[in-house]
Each structure stands twice: as C-alpha cells, then as structure tokens.
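Trainee: model this:
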Amino acid sequence: MKCEWVQQNLLLYLYNELADDARYELEQHLGRCAACAAELKGVRDLHAHMAELAVEEPAPNLLAASRMRLQEALESAEPHGFWRRLVFDPAAWLRQMRFSPALAAAIFIVGFAAGIGTTYQVGKGPIESPSATLQPAEATISGIRSVTQEPGTNQINIRYDTVSTEEAHGSLNDQRIQQLLLFAARNNYNSGVRMDSVDLLTQRPADLQVREALVYALRYDSNPGVRLKAVAALSPFVKSDVRVRDAMLEALLNDSNSGVRTQALNALEAVRADSSVRSVLQRLAQGDKNEYIRSQARTELAQLPEID
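Mentor: Numbers count the residues shown, from 1 in each chain. From the prediction side, this is the model:
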C-alpha cells in the first residue's frame, strides 16, 4: 500500500468511512510508516480544533443565491456525464463501492424500497398522488417549469416539479400561488420563468415578502430584464424602506447593466438629499465610466442645497 493512497484516505479513515479490509490495510501501513502516522496525527489535531469553533448558519439569501448559481451551472454543463462514467468506466464504480460501504448500503436500500413499492402498486392498483391533498412544501420543489396568466382574468397557472411535474391553479391572492411565485423568483434556473414570476409579483410590491423577493432579484438575479422589473416595482418605496434604498444604491454602484443603473439613479432622485445617496452621487460625479450617469449625478448634486 502506497503512502499517497493512505494520505488521500485519512479523512475517510477518521470518519469511519473505509471498508473493513481497506481500514485494516491502512492501519497496518500506519504501524510501519512514521510519515503517514504523523500525517494522521495532524489531521486529527486539525479536526479537533475545527470542532471547537462555533458553527454559523448561512444567511437565507446566500443559500438561495448559491442554489441559483448551482442550477444555472448544471443547466449549462455537458449532459450524460453520469451515464458515460457508469457505462464506460464500471471499474471505477466497483472500486468506489468497495471502499464506500455507505454508498453500497444506500444503493441496496433504494433498490429494496423500489421493489417493495412496485410490488405494492401491482397488488393494490394505482396509488393516489399525495399532491392531491397536500400543498407543496418549498423543500420538495425542484423547480418551476412555467408561469402563465389567463388573459383577461387574475387566474394564474404554475407548473412545478417535485418528483414529477405538478400544476397549481389560482388567483394572485391565493397563498399557495404566492409561495410558488416567491420560490420561482428566488430559485428557479429558468430565467424566463423568473421573469414571469417577478412580473406577477410586481402587482403586490406592498407585501413585505414580495418586496424582499424583489430586493433579492435586484441584488442577485443574473438576468438584467428581471433586475429592471424589480427596480420599477421597488421605486415607489425608496423613501419609506431603507432596505429598498440600499439595494438601489448597490445596483447603482455595482450593477453590470447600464440600463439597471440608470433606472436606479432615476428612482433615487426622490431621496437625493439623503446623506448616503448624496455620497454615492458625489462618487459617481467624480469619475464614473458611464458618461450619462456621471453627467446626471452632477446635475442632481447641483440641485441640492449646500451643507453648512
């Protein structure tokens, strides 16, 4: 057994994830090799120090943004990688299962459960879908497939994926419809669906949950069209909601789309006397790369009274 393999698998050994035969061989090697034994001691010391640190929960916005970026990355990734590895490199899978009893047990349990489920369904007939009686929980939704509004009505149709594609129907006042729209605006990988969801949510910007979703879209959505819709819906609240004002300032300073920045600048005109807004305008007037924004910032500063 080579030192390189032992050192690569020390963490698996530490977490009891090695198969019994691999664990035995590794322990025998550690008894003979002082370098690998010292490496194991260092790994254990690091683990002990890490365990003493407080674990901080990630912010909900960070989780949502990470999920969105992951979904977009998966959407653009090359397909069939899993099946190609499974078909063309079965030896790698056998090696992985040999040294990962947890994986082998999981595969066995899934196969066993699937067999029982099939037997039960054949014996009892069709099983009624639980979605017929239960409302969808956000944690079980894998994505929103489409959002449409019936012409001339306030009725909205939303098709969403759990284990299979399902559909919800109701008005914008329906709480379930609102929750699905909020989920789609924050998490869906399809930018067109996010656009449709944000477009419908802009009809209820006074709702705090909706406003938070719009602020999130303005800050994190990768589609400039979605961000433009969020700016338009949030503009009336720059005076009354500091969070909206801060999001507008962030967009004005950092957004990559000049249209979003220009619209945010126009929205902030109503609060240009605010100290934070004035400070940003001064920064833009001094040297922003966009000529229109630089000129507009100077114009707005000229209209402000001098500070004694």
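Trainee: check contacts around the spatially closest residue to Arg245 that is not a sequence neighbour.
Mentor: The shortest distance from Arg245 to any non-neighbouring residue, by CB to CB, 6 or more residues apart in numbering, is to Val238 (5.0 Å). (C-beta placed from N, C-alpha, C; glycine too.) Each residue near Val238 by CB atoms under 8 Å, 6 or more residues apart in numbering is listed here: 244-245, 248, 267-268, 270-271.
Trainee: ok, Ala232 next?
Mentor: By CB under 8 Å, 6+ apart, Ala232 lies in contact with 202, 263.
Trainee: residues of the helix or strand that contains it that come out buried?
Mentor: In this structure, Ala232 sits in helix 224-234 according to DSSP states H and E. Applying a neighbour-count criterion of 16 or more other CB atoms under 10 Å, one finds 225-231, 233-234 buried in helix 224-234.
Trainee: Ala184 looks like it's in a strand, true?
Mentor: No. Assessed with DSSP: H, G, I helix; E, B strand; the rest coil, Ala184 is helix; it does not lie in a strand.
Trainee: what's the distance between it and Asp161?
Mentor: Ala184 sits 11 Å away from Asp161, taking CB to CB, to the nearest Å as the criterion.
Trainee: swap in Leu301?
Mentor: For Leu301, the distance to Asp161 - CB to CB - is 50 Å.
Trainee: can I see the domain layout of this protein?
Mentor: 131-201, 202-308 (automatic domain parsing).
Trainee: including distance to Glu56, could those go into TSV?
Mentor: Output for the domains of the chain, formatted as TSV (distance: least, CB to CB, whole Å):
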stretch	distance to Glu56
domain 131-201	21
domain 202-308	20
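Trainee: what would the contacts of Val238 look like in a markdown table with pLDDT and distance to Ile156?
Mentor: Shown next, in a markdown table, are the contacts of Val238 (pLDDT from 0 to 100; distance: CB to CB, whole Å):
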| residue | pLDDT | distance to Ile156 |
| --- | --- | --- |
| Val244 | 90 | 25 |
| Arg245 | 90 | 30 |
| Met248 | 90 | 28 |
| Ala267 | 90 | 27 |
| Leu268 | 89 | 32 |
| Ala270 | 85 | 32 |
| Val271 | 87 | 33 |
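Trainee: coming back round to it: who's in contact with the helix or strand following the helix holding Ala232?
Mentor: For helix 224-234, the succeeding helix or strand toward the C-terminus, using DSSP H and E, is helix 242-254. With CB under 8 Å, 6+ apart as the test, helix 242-254 has contacts from 211-212, 215, 218-219, 227, 231, 234, 237-239, 260-261, 264-265, 267-268, 271, 274, 276-277, 280, 283-284, 293.
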